[in-house]
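K.L.:
show me the folded form of this:
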Amino acid sequence: MKKTLLVTAVAMAVSGNAMAAEMYGNIRLGLASYVPPSDPVDLGVDEMDVRSGKLVLGSKGSTDLDNGQTFKYQLEMEHDRADTKGTGWANDKSWISIGGDWGTLSAGRFSDMAGFACGGTDLLTNGTAEACSLGHSTETDNAIQYRYSGGAFEFGVIVTADGTEDDDDILFGAKYSGNNWSVGFQVFEDESENGGSGATKTQIGATWQLGNIGLGVTVGDSDLDDAGGVGVGDSEGVDFGLYMPLGGGNLAVVISSLDADTGIVGTVSDGDSWDVEWSNSLGGGAYWGIEINDKDNWDETRTQVYMGTNF
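P.N.:
Take a look at the predicted model:
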């Protein structure tokens, strides 16, 4: 509600300028099969499971101000996996920003900068690249972000705060792009990880484009400041990605390896996994696809067929 009022107030402040605004959304349904018929994430499901994969509704707009700056806003509501996870809506990726030649300053809730390192490996609709997920922040709420892009180089910084010094987080990311390649990284200082013990999460990655074929690699690391705490401790992972056109659609392959120290008895969880996904556009914003995912530490293979539409 606070972000809704903030967007409305700023929009009224620039109402003297023409505001180009649009509504958008994404709806996706999936039919999943599990072998064996269990899902640790959902604490048990049938062998065949119909689920709401995503439901997004949003509005975004921009206007050029008289001083050469550009004002933009985005207000998005998202509800993932409506049948199994949580209730209600999340105010997702909702922000206001002002930008110019000096960069862009934003306030609200937005995506982190893991994409700088994961552009070639974060390819999946349903599965997760392990190393990429190690550095993701899902707590970029009540945040201030600055980003700058100049030629081949771009960087950004995000600071989040909830009013207490021990829970303030900071993310920093940078990326450099060549003609057919890019390298990037993100460092995430998570002060509230594991009940306040804190963690430093780092991702480094590279992407190569060889004609129609894309290759990517991401290395991720998560180090608890106090590894003796309860819960997941230090973790390291690596992802390899491949994407290319195939059969009129797009093929994505991701192979991941994860070692996670529990922080309690020094045991290591084998998180090796592979994903193969093929997707295709049906025209008019509609799409469909199939994804097969196998995780060693779940001892489970999941096959999911999904269909959705963007509007």
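K.L.:
show me what contacts the nearest residue to residue 271 once chain neighbours are set aside?
P.N.:
Taking CB to CB, 6 or more residues apart in numbering as the measure, residue 271 lies nearest to residue 258, with 2.9 Å between them; neighbours along the chain are not counted. Every C-beta, even on glycine, is put in place using the N, C-alpha and C of the backbone. The neighbours of residue 258, taking CB atoms under 8 Å, 6 or more residues apart in numbering as the test, are 130-131, 134, 235-237, 269-273.
K.L.:
so how far is residue 234 from residue 258?
P.N.:
Taken as CB to CB, to the nearest Å, the spacing of residue 258 relative to residue 234 amounts to 12 Å.
K.L.:
next: residue 132.
P.N.:
As for residue 132, its distance to residue 234 is 17 Å (criterion: CB to CB).
K.L.:
and residue 283, by the same measure?
P.N.:
Counting by CB to CB - residue 283 and residue 234 are separated by 47 Å.
K.L.:
more crowded one of these two?
P.N.:
Set side by side, residue 283 and residue 234 show more neighbours around residue 234, with 16 against 6, by other CB atoms under 10 Å.
K.L.:
that one is in contact with residue 220, isn't it?
P.N.:
No: Residue 234 sits out of contact with residue 220 when judged by CB atoms under 8 Å, with a separation of 11.6 Å.
K.L.:
any common contacting residues for the two?
P.N.:
Both residue 234 and residue 220 lack any common contact, where contact means CB under 8 Å, 6+ apart.
K.L.:
so where's the stretch 1-150 of the chain shaky on pLDDT?
P.N.:
1-18, 36-53, 80-90, 137-139 (pLDDT under 70).
K.L.:
let's see that with 80 instead.
P.N.:
In the prediction, the stretch 1-150 of the chain carries residues with pLDDT under 80 at positions 1-20, 32-54, 79-92, 126-128, 135-141.
K.L.:
where do the helices of the stretch 151-300 of the chain begin and end?
P.N.:
With DSSP state H, counting those that start in this stretch as the definition, the stretch 151-300 of the chain shows helices at residue ranges 193-196.
K.L.:
low-confidence stretches in it?
P.N.:
161-168, 190-199, 224-234, 260-271, 295-300.
K.L.:
show me the strands in it, by range?
P.N.:
Counting by DSSP state E, counting those that start in this stretch, the stretch 151-300 of the chain has strands at residues 153-160, 169-177, 181-190, 199-210, 213-224, 235-246, 249-261, 268-270, 273-283, 286-295, 300-310.
K.L.:
could you dump those strands into JSON lines with distance to residue 54 added?
P.N.:
Shown next, in JSON lines, are the strands of the stretch 151-300 of the chain (distance: least, CB to CB, whole Å):
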{"stretch": "strand 153-160", "distance to residue 54": "24"}
{"stretch": "strand 169-177", "distance to residue 54": "24"}
{"stretch": "strand 181-190", "distance to residue 54": "24"}
{"stretch": "strand 199-210", "distance to residue 54": "24"}
{"stretch": "strand 213-224", "distance to residue 54": "23"}
{"stretch": "strand 235-246", "distance to residue 54": "20"}
{"stretch": "strand 249-261", "distance to residue 54": "17"}
{"stretch": "strand 268-270", "distance to residue 54": "28"}
{"stretch": "strand 273-283", "distance to residue 54": "14"}
{"stretch": "strand 286-295", "distance to residue 54": "12"}
{"stretch": "strand 300-310", "distance to residue 54": "7"}
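K.L.:
among these, which is nearest residue 76?
P.N.:
Put simply, out of these the one that sits nearest residue 76 is strand 300-310, at 13.3 Å, with distance taken as CB to CB.
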